[in-house]
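A.B. asks: Build me a structure from this.
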Amino acid sequence: MSGSQESTSFAALRGQLQEAAAEFAGGPDALEGILLGMVDDVDRAVREPLEIFPVCHHSPASALAMARRLREKQPKVVYLELCEDMAPLLTELRNCRLPVAVQAFAGDVDGFPADWAPLSVVAPITEASAEYQAIAYALDTPGVELVLVDRSADHVFQWDRRGEQEQEGTEPPEEAEAALHGEAVGVEIGDLRPRFAELEEHLLRHGKVRHWSEWWHQYVEVPLGDSAADHDTYRQVMFLIGSLFRRLAPGDGSRVRVDEDRERYMWTRMREHLAATGTDPEDCLYVCGAFHAASRVEEFGVHGGSDTFTISPRTATTWQYGLIPSSHAAIEAQFGLAAGSVSIAATEWAKSLKRTRVEPYRLEGQAGARKSGGKKAAVAPAPVPAPAADADKLSGFLRRPPVLDGLDEAELLGWSVDIVRAARRNGYLASTADAIAVFETSILLAGMRDRARPTPYDFQDAAVTCIEKDSVPGRRDVRRLVEIMMGGDRIGQVGYDSLPPLARDVYDRLAPLELKLEQRGVRRALLDMASRPELRACSDVLWMLRRLLPQGAARPIMGERRLGERSIQESWDLALGTHQRALIELGYEGVSLEQVLEQRLRRDAYGPQATTATVLAAVEDSLLYLGGRRLADELGTHALKLLAAERGVDGAPEVLRRVRALLAYYRTSEPVLPAWIESFVKTGYAHYCTLLPTAFRDEDATVGQVAAMLGFLFSMEGLALSLGCDRTQLELAVAQSHPDDPSKTALLWAAQVQLGTLSRAELRARCDELLDNPLVVPAYPRYLSGFVHALEPVPGLADVVVEAVSNAFGRLPDSVLLPWLPLLITTLRSGAADLAPLMVREAGRIFPGRLAALDAWVPPWRMPETDPFAAKPVADVRRGATLLTAHPATCDAVAGLLGCEGGWTRSDAPAPAGAGLLAAHPAACDAVAELLGCEGAWATAGSGPSGAALASRHPATADALASLLAGH
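C.D. replies: Below you'll find the predicted structure:
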């Protein structure tokens, strides 16, 4: 600023600062330039025709000064430093319980790198903030226009590099309340903190405080919140602080560029609005952070350069807007504030309102608030003289000694009693003596820090010193108890009317549960679909929510949903109120749960990292949650394409598990298999046969993956052969496999047994050779691991595996077995833990159940083998005749019931021959001939061989038929 443009308002202050700079620095230097530049910044901002109202985010002093100024000036236009594209959401704040955050969200990006997605920007709003006072005044006062002038959410990511969006000094929040904003980029209205680390350290050390929030509360909030601090003093002090932090900021070119571009953006928007509406700048109020109020850009002011800055167009990214719940802890975590500082600020806001009797602005119908005083604000107040632009209030404020606030013993005593009571409830052995000690220590700490009245931070330190001894008995320490006592972590809630359509639809569809799901906390839902069939729709919604929302939002306690299975009773723990933000963000993706789930399944299936296993998982989820065949068939066809294109076997176990489940489901629920799964089995059979020899030799392919390939080939073999595959391809693949790894070698032997190229006896002989070779014994556990994995494709080898393990324990000496045993256990546990139960069940079937029988027990593999196809002696076919003659009454009764005539034959009479029976009962012979497909007729009497000759020529046939007829 040139000397001719300087006003004479701050001439005295300039002279004092020049003298101070000369005294401290020994002459004109950079210090003088900084001090005089700060006065120039204040002078320039004060003389601006459009009144600038500097604020600090979540500051009770700024909110109190804002409420006073709005009632005095009654501006017609309020310009607010907030993303301009968030303006339509501000009217929805009246349906919410503060704090909440205005959010801009983009799931799919166009114009930004793909790895940035999803993009999210949040602007938290609390009741104890100047921006809320301005919003409430503008929305509830007729004739007042609220204009947001800051860059859009799209420009936030255009101007900021991705690495600069992370807030400095913040760590990932651990508690759920502190993570309500997720990974969103925070937008603050009035970010006011030193960017010069040495300056902040100097202020904290000489102010005798621990962190920046405490320094700000002690040296800015308390003096400016005093009723003696008028509007002009407040503005000039905030201008001075903003200029100080701005001039002492380190030379971070990119961050300075972004700050200056934001200031150019806002002043350009304000000049455009003034030119379009013809509003007098005297009737406007510009609310921005004190850091931006002390701007030195060329576009500053209503008469600044108008053609020097061009606003870039937005990208093609589609942005969604909504309100999400926020909390004091989330604000502190995102913006690097001390824990509990926002809660203490809310407490100080309530105390300031009571002390100064200033009536704040609240939106009509605001949840959790009193009736708004907006109607009273609409009444024209008495004329208030405009603040003199050349009035120097800053010099008097800086020279004025601090006002010593007297000790409020009643308040401090109440705090001491309350913290002891809270400590007792949380397991601390606190007593009345501790309350007295906290009271006295608070006063002592305040005196040591040059404060007449203990602040909440002094009280917090005193409580920790006096109550917290060695350990924390419960979940909360004393510091956290003080934060809760001072107001706690207030958590906001978005009202039903402000929710997106999807969230409202979820609450409507779950209404039959008759639970207050909007409230925070866990609600237990009991669903008995047998007595109330209408609850099946609620069950479908809950399972989709479990699939889409974070863990804990909808947790099933009883009941499950698998392919082909539905529970008739379910029990759920629901915490939709706690996870309201996640539910709201679902609404950005679609208008119904089914639409969002289908979009996510398609995204997973067609994404660049999609594999055959992930697509099959999407098919299974579509059948579980959406039903119908359309999407499942589409995704299944895509899985077939991915399988044919894969060159590795990493996903073979998952593919095998899911294909088996899908086949079992379709075979039980559909009359025919879908075409895609038939093609999948056929293609998979040929695909894995081709990859099998390579997988056996590949060091990167694990034995579990190769076992899954063999499991697919053997379990799907019947279906594949029926679809036209050739078994020779599998036999050639196994014959071409020559593994080097012991576990894969054992797996190959099991495959050869399954194909019939290796007998069980030969396999047992090979296992015996391994145990006889001392050079191979150390690697024997790896062979066993291969055998256990072989139970996946060849479950019939369980007895051989048990035999191999038993022989090892029976034949190896202790000197070899004991060092070898840990390796066996770790190998089986790490490589085949899921298949070990099958081996254990087989061992339980083979080994005796009692210890006494163990000595006489002979293992089945040591017993002599018998031929299962050996001929067995034929039993006497006439054994039944003895019973009949011994009990004739039964036979006579049956004969009488059937109407048979005749009597008993003599016991010495010969049995009828087969040929005679055939001639006597031709109907039976005709039925057998028709069943066997024989053609011809009975020979006439006297022609052809006689029955006796036939019977003597074919005695076996005659005897078989005779036995058959005798049985009937």
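A.B. asks: And for residue 758, nearest residue in space, chain neighbours not counted?
C.D. replies: Spatially, and ignoring its direct neighbours in sequence, residue 758 is nearest to residue 752 (3.7 Å; C-beta to C-beta, 6 or more residues apart in numbering). Using the backbone N, CA and C atoms, a C-beta is placed for each residue, glycine as well.
A.B. asks: residues near that neighbour, how many?
C.D. replies: Applying other C-beta atoms under 10 Å, we find 19 residues neighbouring residue 752.
A.B. asks: name the element it belongs to?
C.D. replies: Using DSSP states H and E, residue 752 sits within helix 742-755.
A.B. asks: and the angle for the next helix or strand after that helix with helix 742-755?
C.D. replies: Next along the chain after helix 742-755, taking DSSP H and E as the criterion, comes helix 760-772. Angle, helix 760-772 to helix 742-755, by axes from the mean of the first three to the mean of the last three C-alpha atoms, to 10 degrees: 160 degrees.
A.B. asks: Run the chain-centre distance for whichever helix or strand comes after helix 760-772.
C.D. replies: On the C-terminal side of helix 760-772, the closest following helix or strand by DSSP H and E is helix 780-789. Taking the mean of its C-alpha atoms, helix 780-789 sits 38 Å from the chain's own mean (C-alpha atoms, centre = their mean, to the nearest Å).
A.B. asks: so what does helix 780-789 touch, helix or strand wise?
C.D. replies: Counting contacts by 3 or more C-beta pairs under 8 Å, 6 or more residues apart in numbering; DSSP states H and E, helix 780-789 packs against helix 703-715, helix 742-755, helix 760-772, helix 798-811, helix 814-832.
A.B. asks: And the contacts of that helix?
C.D. replies: 703-704, 706-707, 741-747, 750, 767, 770-771, 797, 800-801, 804-805, 808, 820, 823-824, 827-828, 831-832, 835-836, 839 (C-beta atoms under 8 Å, 6 or more residues apart in numbering).
A.B. asks: Then stretch 263-278?
C.D. replies: Applying C-beta under 8 Å, 6+ apart, the set of residues contacting stretch 263-278 from outside is 50, 77, 79, 81, 84, 147, 149-151, 155, 279, 281, 284, 286, 288, 292, 295, 297, 299-302, 304, 306, 308-309, 311.
A.B. asks: In contact with the residue nearest in space to the middle of the chain, which residues are there?
C.D. replies: Nearest to the mean C-alpha position of the chain, counting by C-alpha atoms, centre = their mean, stands residue 550 at 3.8 Å. By C-beta under 8 Å, 6+ apart, residue 550 lies in contact with 579, 582.
A.B. asks: Let's see the pLDDT reported for it.
C.D. replies: In the prediction, the pLDDT value recorded for residue 550 is 89.
A.B. asks: Return the distance of it relative to residue 347.
C.D. replies: Noted for residue 550: a distance of 31 Å to residue 347, by C-beta to C-beta, to the nearest Å.
A.B. asks: re earlier: of the contacts of helix 780-789, keep whichever come out buried.
C.D. replies: 703-704, 706-707, 741-747, 750, 767, 770-771, 797, 800-801, 804-805, 808, 820, 824, 827-828, 831-832, 835, 839 (16 or more other C-beta atoms under 10 Å).
A.B. asks: need the helix or strand of the protein with the lowest average pLDDT.
C.D. replies: helix 374-378 (a mean of 42; mean pLDDT, DSSP states H and E).
A.B. asks: Now do the helices in the stretch 451-600 of the chain.
C.D. replies: Ranges of helices in the stretch 451-600 of the chain, per DSSP state H, counting those that start in this stretch, are 456-467, 478-485, 501-509, 535-548, 580-587, 593-606.
A.B. asks: Buried residues, the strand or helix carrying residue 398. List them.
C.D. replies: Here residue 398 sits within helix 394-399, counting by DSSP H and E. By neighbour count on 16+ other C-beta under 10 Å, the buried set for helix 394-399 is 394, 397.
A.B. asks: For it, name the packing helices and strands.
C.D. replies: Contact here means 3+ C-beta pairs under 8 Å, 6+ apart; on that basis helix 394-399 packs against helix 11-25, helix 231-247.
A.B. asks: between the helices and strands packed on helix 780-789, which one is nearest to residue 66?
C.D. replies: Within these, the stretch nearest residue 66 is helix 814-832; the backing value is 64.4 Å (C-beta to C-beta).
A.B. asks: list the helices and strands the closest one packs on?
C.D. replies: With contacts defined as 3+ C-beta pairs under 8 Å, 6+ apart, the packing partners of helix 814-832 are helix 703-715, helix 780-789.
A.B. asks: Is there a neighbour count for residue 220? I'd like the number.
C.D. replies: Other residues near residue 220 come to 18 when the count uses other C-beta under 10 Å.
A.B. asks: Do you know the pLDDT at the residue nearest to residue 50 when sequence neighbours are not counted?
C.D. replies: The shortest distance from residue 50 to any non-neighbouring residue, by C-beta to C-beta, 6+ apart, is to residue 281 (4.0 Å). Note on residue 281: pLDDT of 89.
A.B. asks: now stretch 793-800: mean pLDDT?
C.D. replies: Stretch 793-800 carries an average pLDDT of 88.
A.B. asks: Where among the helices and strands packed on helix 814-832 is average confidence lowest?
C.D. replies: helix 780-789 (a mean of 86).
A.B. asks: how far out from the middle of the chain is the lengthiest helix in the chain?
C.D. replies: As assigned by DSSP state H, the longest helix anywhere in the chain is helix 253-277. In terms of C-alpha atoms, centre = their mean, the centre of helix 253-277 is found 38 Å from the chain centre.
A.B. asks: for the helix holding residue 752, packing partners?
C.D. replies: In terms of contacts (3+ C-beta pairs under 8 Å, 6+ apart), helix 742-755 is packed against helix 703-715, helix 727-735, helix 760-772, helix 780-789.
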